[in-house]
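>>> below are the sequence and a predicted model for it; my questions follow.
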Amino acid sequence: MECETMVSAVIVTYNRKKLLYENIKMLLCQTYKIDKIYVVDNCSTDGTYEFLREQGLMKNPNFIYVKTKSNIGGAGGFYLGAKRAYEDGADWIVLMDDDGKAEDNHTIEQLMNVAERLYMNNTAEKKIYVNALVLQKDMLSFKMGQYYTVEAACSAAVDGVLEGLASPFNGTLLSKELVEEIGYPNKDFFIKGDEVDYKHRAFDAGAYVCTAVKSRYVHPRPETYERVVLGKKVPFFVEAPWKEYYAARNFTYMYKQKKRYKSIAFELIFVKLLAIMQLKCEKWKTIKMVFRGVYDGWNGNLGATVTP
């Protein structure tokens, strides 16, 4: 690869100005230079723009701030940011949320070491998707396959790579060839599942998907739990009703496309109803939202259909 390769970062944010700034600071001190940093602000109301201006970021010609007219959700934000970066000529685009950050100043370098090796070998016709290892201390922030800990993930890696596994949109590096093939994240998801959908689309396009375990990205571990239900270990938690709506809708939409009808019935309805009845939450409102989400997902009713 040539030395003028352009690497751009896209961060989607909403009302997390201080966490966002910590993320940006780590990107600015990377040993592998990031050419452009795009911040897509989902119409924040906490003074994000003013705060970033006070830090002097608006004077940086490689810092691009894009504020939407309304909250278009994480999915809309990643669509907009990836589209802008690609159209501006990025060879590689790294996607990330505002509440995570590079663990050290070698995170992007370690990502690019793996990506460039794959690219030079013409792996998957240069359709490459490389994720950082997403962690909090010694635990993975999100379970990957059978792995829960950093030690287990690293032990299973071959040549520093876990093939076929990734925790998307948290230090996720995409080649321009992959973006050309599959397009941008689906903005109509609004939130929930857009990152999973994009990873599935990468797999379907024959992309090489992996995690570079030496590239470390810090992200808080969500308060989610697992239980064994009918012999299967499944997620067992309940979020706000509107979030449960979008999760049910978007995963129903994806599962229907894959003809995973049993997953809709078991994971999205049966297991979720068990969790709602056993855990503290707004039970009947949440149940209503789950069934509405399944209905809308089955019928392809996407977009910002429920107000947070």
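Yes, it's here.
>>> now the helices for the stretch 101-250 of the chain?
Using DSSP state H, counting those that start in this stretch, the helices found in the stretch 101-250 of the chain span residues 107-120, 150-156, 176-182, 194-204, 241-257.
>>> show me the strands in this structure, by range?
Assigned by DSSP state E, the strands in the chain fall at 7-13, 36-41, 63-67, 92-97, 101-102, 128-136, 139-144, 147-149, 161-163, 170-175, 208-218, 226-229, 232-235.
>>> about what we covered before: CSV please, covering the helices of the stretch 101-250 of the chain and showing mean neighbour count and distance to Asn71.
Just so you know, the C-beta spots here come from the backbone N, C-alpha and C atoms, and that holds for glycine as well. What follows is those, written out as CSV (neighbours: other C-beta atoms under 10 Å; distance: least, C-beta to C-beta, whole Å):
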stretch, mean neighbour count, distance to Asn71
helix 107-120, 21, 28
helix 150-156, 15, 34
helix 176-182, 18, 24
helix 194-204, 20, 14
helix 241-257, 23, 12
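>>> any weak-confidence spans in the stretch 51-200 of the chain?
Along the stretch 51-200 of the chain, no part satisfies pLDDT under 70.
>>> distance check, Ile72 against Lys187.
Using C-beta to C-beta, to the nearest Å, Ile72 is found at 7 Å from Lys187.
>>> overlap in contacts, these two.
Residues within reach of Ile72 and of Lys187 at once, by C-beta atoms under 8 Å, 6 or more residues apart in numbering, are Leu80.
>>> just checking, Thr286 touches Ile276?
Yes - the criterion here is C-beta atoms under 8 Å, and Thr286 meets it with Ile276 at 5.3 Å.
>>> what sits in contact with each of those two?
Both Thr286 and Ile276 are contacted by Val238, under the criterion C-beta under 8 Å, 6+ apart.
>>> so for the two, which sits in the more crowded spot?
When neighbours are counted by other C-beta atoms under 10 Å, Thr286 comes out ahead of the other of Thr286 and Ile276, with 25 against 21.
>>> what's the pLDDT at the residue nearest to that one when sequence neighbours are not counted?
Leaving aside its chain neighbours, Thr286 sits nearest to Pro241 (4.6 Å; criterion: C-beta to C-beta, 6 or more residues apart in numbering). Predicted confidence (pLDDT) for Pro241: 98.
>>> contacting residues for Pro241?
By C-beta under 8 Å, 6+ apart, the neighbours of Pro241 are 282, 285-286, 288-289.
>>> residue nearest the centroid of the protein?
With distances taken as C-alpha atoms, centre = their mean, Phe169 lies nearest the centre of the chain, 2.4 Å away.
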